[in-house]
Each structure stands twice: as C-alpha cells, then as structure tokens.
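Peer 1: Just a sequence and a predicted model for now, questions to come.
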Amino acid sequence: MNIRSSGFGLLLGALFLASAIATRADSSPKWIGTYNTLLGKYVTNSGVKYSAWKGNAADLQAIQQVVDGVAQEKLSGLDKKEQLAFYINAYNAWILHEALGKYPTKSVKDLLFTFFTGQRIKVASEPMSFNHLEKDIIRPQFGDPRVHFALNCASRSCPPLNQEAFRGDKLDAQLDKLATAFVNSPKGVDYSPQKKTAALSAIFNWYKDDFKAAGGPVAFIDQRRSDPLPNDIKISYQDYDWSLNEAK
C-alpha cells in the first residue's frame with residue numbers, strides 16, 4: 001500500500017468515526033437537549049433557582065416536555081450505562097418538575113414521605129413512585145453506589161444537582177466526579193483533625209450496605225478523598241436537612 005492510499009484510508013476512517021459520533025449525538029432524544037438547557041439556566045452550585053423558573057411560563061412548559069419525554073422513552077437498544085443514565089435523568093427531572101409544582105415550599109418532604117412513596121411519576125411508560133425508581137430499579141439493578149451522589153431529592157443535604165444531563169458514554173466520568181466532590185466537601189464528610197472526628201452524610205448510614213463491595217462507607221470515602229481519614233477517627237452521621245435546595 002502506498003502512502004497516498006494509506007493516508008486516504010485513515011481519512012476515510014476518521015470521517016466515518018466523526019459521522020458515527022455525530023449520528024449518536026443526533027439520536028439523543030429531544031428532551032435531553034431541553035433538559036440540558038434548563039439545567040444550565042437554573043442550577044447553580046448553591047442550589048436551584050426555583051423562583052425564577054416558576055416565574056417563567058415557557059420554561060415551566062419546557063420541564064413538562066422533558067418529563068413527557070421521560071414518560072414516553074423506549075429503553076430497547078440501550079446498553080446498561082445508557083439505561084442507568086436515563087434512569088438518573090428521569091429521577092432528577094421528575095423531582096424538579098414536582099418541586100416546581102409545590103413551589104413556593106420550604107421542603108418537598110411531607111410528614112409521611114408521600115412525595116417519595118406516592119405513584120406520581122411515569123418513566124418509560126410505567127407509572128411509579130420515586131422510591132420505586134430508586135430502590136427497585138436504580139440501586140438493585142445497577143449496583144453502583146456512586147448513584148447516591150447523582151440522585152438529587154430537592155433537599156439541602158442532597159449532593160448538588162449535576163448541571164448537565166447524564167450520558168452513557170460519559171457516565172463513569174460524571175459519577176466519579178460527583179462522588180469525589182461530595183466526599184471532599186463538608187456536606188459529605190465534615191472532618192475535624194483536631195478532634196479526630198468525621199461526621200458523614202446520613203447517606204452513608206442509610207445506604208451502608210450499598211458500599212459493601214467497596215469495603216464499606218469509609219473505604220469508599222478514602223479511595224476518593226484527597227486526605228484519607230485516619231484509622232482512629234471517630235465516625236458519626238450528620239442530621240439530614242430536608243429543606244428545599246433553593247439557590248441562595
């Protein structure tokens with residue numbers, strides 16, 4: 001093979017790859033693009049700008065279009081990571097939709113947690129509750145403890161809502177980034193070297209069994225902390241703040 005034909009073959013290969021990537025991106029459901037736009041507009045490092053969102057009729061209609069897309073989504077043909085990305089997006093998008101429906105409110109949580117247990121959402125044609133989506137689909141079917149730092153329940157103690165939609169081809173990087181950020185923040189691990197204490201997010205207590213494969217919550221944390229916790233540290237758990245994660 002001469003240099004010219006070899007170069008032409010490489011060019012064709014590059015063009016084919018670029019075309020495949022573009023086709024894959026174009027094949028993303030329309031609601032994903034709308035969802036990304038809304039996240040970029042209303043989600044900040046300190047929370048969600050619910051007041052501004054609630055006051056924008058077009059963007060309220062847009063989040064309705066997002067959850068309508070989630071409700072109608074077909075999962076056939078999606079690989080495991082694409083499915084998990086879809087379910088996380090579904091959970092977070094529906095939370096935003098329902099929180100906006102209740103706004104103004106101090107918390108989405110009610111006395112009996114019916115916000116989470118009631119069958120108020122539809123995902124891939126199936127009516128369900130937030131609890132069902134998290135506890136019967138996302139956690140047991142995918143077995144990835146990093147999802148705890150991607151799911152956001154519209155509460156102050158939740159890990160911050162990601163400012164972009166999850167994608168199958170970026171999912172590992174997105175989950176790693178969120179888990180690492182959380183365990184290096186006081187919200188995730190409130191560490192006092194002077195007192196030799198660490199108050200962990202209640203997430204690590206409520207869902208400790210999900211971290212068994214990593215060696216337990218502390219082992220999971222230490223794998224990602226820039227300053228691992230000492231062996232003689234005294235562990236406690238923070239109270240969970242259920243107040244609305246509204247941007248300050």
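Peer 2: All right, it came through fine.

Peer 1: C-alpha from now on. contacts and neighbour counts both.
Peer 2: Will do.

Peer 1: Tell me the helix or strand right after the helix or strand encompassing residue 89.
Peer 2: Take DSSP states H and E as the rule and residue 89 turns out to sit in helix 80-102. Using DSSP H and E, the helix or strand that follows helix 80-102 in sequence is helix 114-117.

Peer 1: Can you name every helix or strand that that following helix contacts?
Peer 2: In terms of contacts (3 or more CA pairs under 8 Å, 6 or more residues apart in numbering; DSSP states H and E), helix 114-117 is packed against helix 130-131.

Peer 1: Could you point out the helix or strand that follows the helix it packs on?
Peer 2: helix 139-142.

Peer 1: Check which residues of that following helix are buried.
Peer 2: For helix 139-142, the buried set under the neighbour-count rule, 16 or more other CA atoms under 10 Å, comprises residue 139.

Peer 1: what residues does that helix touch?
Peer 2: The contact list for helix 139-142, computed with CA atoms under 8 Å, 6 or more residues apart in numbering, reads 84, 145, 147.

Peer 1: just to revisit the earlier point, dump the helix holding residue 89 to PDB, keeping only the CA atoms.
Peer 2: What follows is helix 80-102, C-alpha atoms only, in PDB (Å, rounded to 0.1, in the frame of the first residue of the first chain):
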ATOM      1  CA  LYS A  80     -26.500  -0.800  30.600                       C
ATOM      2  CA  LYS A  81     -24.800   2.500  31.000                       C
ATOM      3  CA  GLU A  82     -27.300   4.300  28.800                       C
ATOM      4  CA  GLN A  83     -30.100   2.800  30.800                       C
ATOM      5  CA  LEU A  84     -28.600   4.000  34.100                       C
ATOM      6  CA  ALA A  85     -28.000   7.400  32.700                       C
ATOM      7  CA  PHE A  86     -31.600   7.600  31.600                       C
ATOM      8  CA  TYR A  87     -33.000   6.500  35.000                       C
ATOM      9  CA  ILE A  88     -30.900   9.000  36.900                       C
ATOM     10  CA  ASN A  89     -32.000  11.800  34.500                       C
ATOM     11  CA  ALA A  90     -35.600  10.600  34.900                       C
ATOM     12  CA  TYR A  91     -35.400  10.700  38.700                       C
ATOM     13  CA  ASN A  92     -33.900  14.200  38.800                       C
ATOM     14  CA  ALA A  93     -36.100  15.700  36.000                       C
ATOM     15  CA  TRP A  94     -39.200  14.500  37.700                       C
ATOM     16  CA  ILE A  95     -38.000  15.800  41.100                       C
ATOM     17  CA  LEU A  96     -37.500  19.200  39.600                       C
ATOM     18  CA  HIS A  97     -41.000  19.100  37.900                       C
ATOM     19  CA  GLU A  98     -42.700  18.100  41.100                       C
ATOM     20  CA  ALA A  99     -40.700  20.500  43.300                       C
ATOM     21  CA  LEU A 100     -41.700  23.300  40.900                       C
ATOM     22  CA  GLY A 101     -45.300  22.200  41.200                       C
ATOM     23  CA  LYS A 102     -45.100  22.600  45.000                       C
END
